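Student: Got a predicted structure plus its sequence, pasted below:
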Amino acid sequence: MSMFCFQCQEAAKGTGCNIAGVCGKKEDTANLQDLLVFSLKGLSVVADEAKKQGKLDNSIGLFI
């Protein structure tokens, strides 16, 4: 089984890690972290558009 997490910069040649990450992270943890990062990227796009429309609540930036 091979895993690859988008936040890791330790994997040799960008090929991903076998069984567990070089950092010791398990595959399910890497997947959850990737989901969190992608979700926050999406939320930031929505927040950016809200800012352009003058509808951004300042607490959103702190949350992100």
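Tutor: Arrived safely, thanks for sending. Since this is a predicted model, take the numbers as computed values, not measurements.
Student: So for the helix or strand in which Leu32 is found, what gets flagged as buried?
Tutor: In this structure, Leu32 is located in helix 27-52 according to DSSP states H and E. The neighbour-count criterion (16 or more other C-beta atoms under 10 Å) identifies 27, 30, 47 as the buried residues of helix 27-52. To be clear about C-beta, it is placed using only N, CA and C from the backbone, and glycine gets the same treatment.
Student: so where's the protein shaky on pLDDT?
Tutor: Residues of the chain meeting the criterion pLDDT under 70: 1-22, 61, 64.
Student: so Lys55 is in which element?
Tutor: For Lys55, there is no host helix or strand (DSSP H and E).
Student: what about Tyr57, neighbour count?
Tutor: Heads up, residue 57 is Asp, not Tyr. The number of residues packed near Asp57 is 11, by other C-beta atoms under 10 Å.
Student: Give me the distance between it and Lys51.
Tutor: Distance, Asp57 to Lys51, by C-beta to C-beta, to the nearest Å: 10 Å.
Student: any common contacting residues for those two?
Tutor: Between them, Asp57 and Lys51 share no contacting residue under C-beta atoms under 8 Å, 6 or more residues apart in numbering.
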